[in-house]
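Asker: What follows is a predicted protein model with its sequence.
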Amino acid sequence: MSICENIRRVAEKKEKYIIRIEDFLGITFPEQYKSELQVGDYEKALLCSEEDKWKPYPFFDQMDKKDASLANNIIMRKTQAALKHEGFPENGIPVAENESGDKLFFKKGSDGKLGDPVYRWNMESKQVSVLVDNFWDLVIEMEF
């Protein structure tokens, strides 16, 4: 199998898993976020804004286990845990956090689609602010 065929197969497998997560949560991730998930080693990245560095939540930690329960997926667990925090938006879907426990998240619209802006929820102040207009405005650094 060629390298290109292998990359394509991995991307297709990831796409199927993304769709399963979207269906389970009743959402649609922004296209730029899905594109980033399908290429590279997203779990080994740091998302960098002008203010801070953010560790993305692992997304494909169980994709090869036949009996993996969607309820055990980290994104879903993190979403359920975040919703228990006072002040975290009910329509927020967290995708990363920093060392202080602040969260990066997308907001879910009434149609289930997540908007392009990436929001920051401050753990201490419980304040929400727009961090960047879309996911690609974050700089991605790879950890080694």
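Answerer: That came in fine, so what should we check first?
Asker: Next, count neighbours for the nearest residue to Ile140 once chain neighbours are set aside.
Answerer: Nearest residue to Ile140, sequence neighbours excluded (CB to CB, 6 or more residues apart in numbering): Ala45, at 4.9 Å. The C-beta positions use only the backbone N, C-alpha and C, and glycine is treated the same way. Ala45 is flanked by 19 other residues according to other CB atoms under 10 Å.
Asker: Equivalent analysis for the one 3 residues further on, please.
Answerer: Using other CB under 10 Å, Cys48 is surrounded by 13 other residues.
Asker: hang on, it packs against Val132?
Answerer: No: applying CB atoms under 8 Å as the test, Cys48 and Val132 come out as separate, 10.5 Å apart.
Asker: list residues touching both of those two?
Answerer: Common contacts of Cys48 and Val132 (CB atoms under 8 Å, 6 or more residues apart in numbering): Leu138.
Asker: Report pLDDT for Lys84.
Answerer: Looking at Lys84, its pLDDT stands at 91.
Asker: what's the distance between it and Glu90?
Answerer: Distance, Lys84 to Glu90, by CB to CB, to the nearest Å: 11 Å.
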